[in-house]
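# can't give you the sequence, but here's the structure:
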């Protein structure tokens, strides 16, 4: 097992209006607690999870191949990729370079067979959940069309939508992607985000 841990922290946000701090800070804290050397924080700003080219991730891969880092620390699986095959290929590529991967939200590390297996499972489940959500949305739109009802974004927001927006925001999902997933408009999304920020300020 590698003793001198040289870390590359990978963060990604889908929209430039977001901040990477919610991902970066807990990862820096994790590295500090474990006495890991943070070589660099690689930031893909405004890059979709399904994008084929992620500049910071590509730069980090080059550093892995050069031996500059031997452990990747990331907040969640979807920060690497929202495509299961791409994520598994990434995991395979870094392992060939004797580089480990730690995913913070799952508390899993590829330095064990269990960790590697569970990360594959997590990636598959995340992909399945996204496909199920898309399927439900399409079914809902089809049902509304058949009933002669409008299929646009809802003008009235319920608590379930509010909580979903909050959850996706905390996970680092961008505004555009959140609105697409939940089929909500700009007004509802930003009203929810503003209310979250107001509560934080009041609590400060």
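Nice, I can see it. None of these values were measured; they are calculated from a predicted model.

# Residue 162: what's it in contact with?
Residue 162 is in contact with residue 192, counting by CB atoms under 8 Å, 6 or more residues apart in numbering. Heads up, the C-betas are built off the backbone N, CA and C, glycines and all.

# ranges for the helices of this protein?
With helices called from DSSP state H, the chain shows them at 21-33, 55-65, 77-80, 84-96, 113-146, 159-170, 175-182, 186-203.

# averaging pLDDT over each of those, which comes out lowest?
Sorting the helices of the chain by mean pLDDT places helix 113-146 lowest, at a mean of 64.

# what about residue 77, how many neighbours?
Using other CB atoms under 10 Å, residue 77 has 25 other residues around it.

# Tell me how the protein divides into domains.
Following automatic domain parsing, one gets these domains for the chain: 6-121, 152-204.

# right, and residue 196 touches residue 167 too?
No. Checked against CB atoms under 8 Å, the pair residue 196 and residue 167 is beyond contact range at 11.0 Å.

# Among the two, which residue is more densely surrounded?
residue 196 (14 against 11).

# gap between the more buried one and residue 190?
As judged by CB to CB, to the nearest Å, residue 196 and residue 190 stand 10 Å apart.

# Likewise for residue 81?
Using CB to CB, residue 81 is found at 27 Å from residue 190.

# more crowded one of the two?
More crowded of residue 81 and residue 190, by other CB under 10 Å: residue 81, with 24 against 14.

# Number of residues surrounding residue 4?
Neighbourhood size, residue 4 [other CB under 10 Å]: 7.

# An error on my part: the question was meant for residue 191.
Neighbour tally, residue 191, other CB under 10 Å: 13.

# Which pLDDT value belongs to the closest residue to residue 175 other than its chain neighbours?
Excluding its sequence neighbours, the residue lying closest to residue 175 (CB to CB, 6 or more residues apart in numbering) is residue 15, at 5.0 Å. For residue 15, the pLDDT comes out at 74.

# Now do the contacts for residue 15.
So residue 15 contacts 46, 174, 175, 176, 177 (CB under 8 Å, 6+ apart).

# Please repeat the previous calculation with a cut-off of 7 Å.
By CB atoms under 7 Å, 6 or more residues apart in numbering, the contact set of residue 15 is 46, 174, 175, 176.

# what's the neighbour count on the closest residue in space to the second one that isn't next to it in sequence?
Excluding the flanking residues, the one nearest residue 174 by CB to CB, 6+ apart is residue 14, at 2.7 Å. Residue 14 is flanked by 23 other residues according to other CB under 10 Å.

# wait, residue 76 sits on residue 107?
No. Using CB atoms under 7 Å, residue 76 makes no contact with residue 107, being 11.1 Å away.

# Who has more neighbours out of these two?
Of the pair residue 76 and residue 107, residue 76 is the one with more neighbours under other CB under 10 Å, namely 17 against 10.

# For that one, which non-adjacent residue is spatially closest?
Nearest one to residue 76, counting by CB to CB, 6+ apart, is residue 105 at 4.4 Å.
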